[in-house]
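Trainee: Coordinates for the following, if possible.
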Amino acid sequence: MKIYIAYPLTGRNFREVESYILDRVGTLNFFGYEVFHPLIFKSHLRKEKSLKAGGYKHPLSCDHAIIERDFWMINHADIIYMNLLDAERVSIGCMMELAWAYQLRKHVVLIMEEGNVHDHAFVREAADVLFDNEVDALNYLRKLINREI
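Mentor: Predicted structure coming up:
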């Protein structure tokens, strides 16, 4: 089963995001998932202290490449794992990914606390399963792939 990790990037340090993503990739691989994530082909951004919402000139991270690749990964994933916990500002990228996932009828596992900047009827309703913590979400994904009762 294929899963895509959606996570707000703008304004965050590349190394911080990389650490989070790689940790989740390890966990989800261990469960048995094939993992897609937004840092694929972006190691050239390692020196970025604050990731931008766009405007990169590198052919693998220019605006067009980012939107096309992320859409392609969402389209090929079975599940979208979106962590919006503690977001300080709205992630337009994550909201696009959520809209694509909803339109494509992907299974969306969303993590978001009450009062989050993304807390909106459209966001809540586009998610298939909504958790307020990552432990429960990961436990759900482990049980889902193992088809546990």
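Trainee: Using the three-state scheme, assign the closest residue to Arg124 other than its chain neighbours.
Mentor: Leaving aside its chain neighbours, Arg124 sits nearest to Leu130 (6.2 Å; criterion: C-beta to C-beta, 6 or more residues apart in numbering). Placement of C-beta: from N, CA and C, glycine included. Judged by DSSP: H, G, I helix; E, B strand; the rest coil, the three-state class of Leu130 is strand.
Trainee: what residues are up against Leu130?
Mentor: Counting by C-beta atoms under 8 Å, 6 or more residues apart in numbering, Leu130 touches Leu110, Ile111, Met112, Arg124.
Trainee: Can I have the buried ones of those as a ChimeraX selection?
Mentor: Selection of buried members from those for ChimeraX, criterion 16 or more other C-beta atoms under 10 Å:
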select :110,111,112
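Trainee: among the contacts of Leu130, which are in strands?
Mentor: Leu110, Ile111 (DSSP state E).
Trainee: Going by distance to Ile5, which of the contacts of Leu130 wins?
Mentor: Within these, the smallest distance to Ile5 is 11.0 Å, found for Ile111 (C-beta to C-beta).
Trainee: Tell me where the longest helix sits in the protein.
Mentor: helix 14-31 (DSSP state H).
Trainee: That helix - contacts with which helices or strands?
Mentor: strand 2-6, strand 34-36, helix 134-145 (3 or more C-beta pairs under 8 Å, 6 or more residues apart in numbering; DSSP states H and E).
Trainee: which other residues reach it?
Mentor: For helix 14-31, the external contacting residues (C-beta under 8 Å, 6+ apart) are 3, 5, 7, 9, 35, 37-39, 42, 45-49, 51, 81, 138, 141-142, 145-146.
Trainee: which of these are buried?
Mentor: Counted by 16+ other C-beta under 10 Å, the contacts of helix 14-31 give 3, 5, 7, 9, 35, 37-39, 42, 45, 48, 51, 81, 138, 141-142, 145 as buried.
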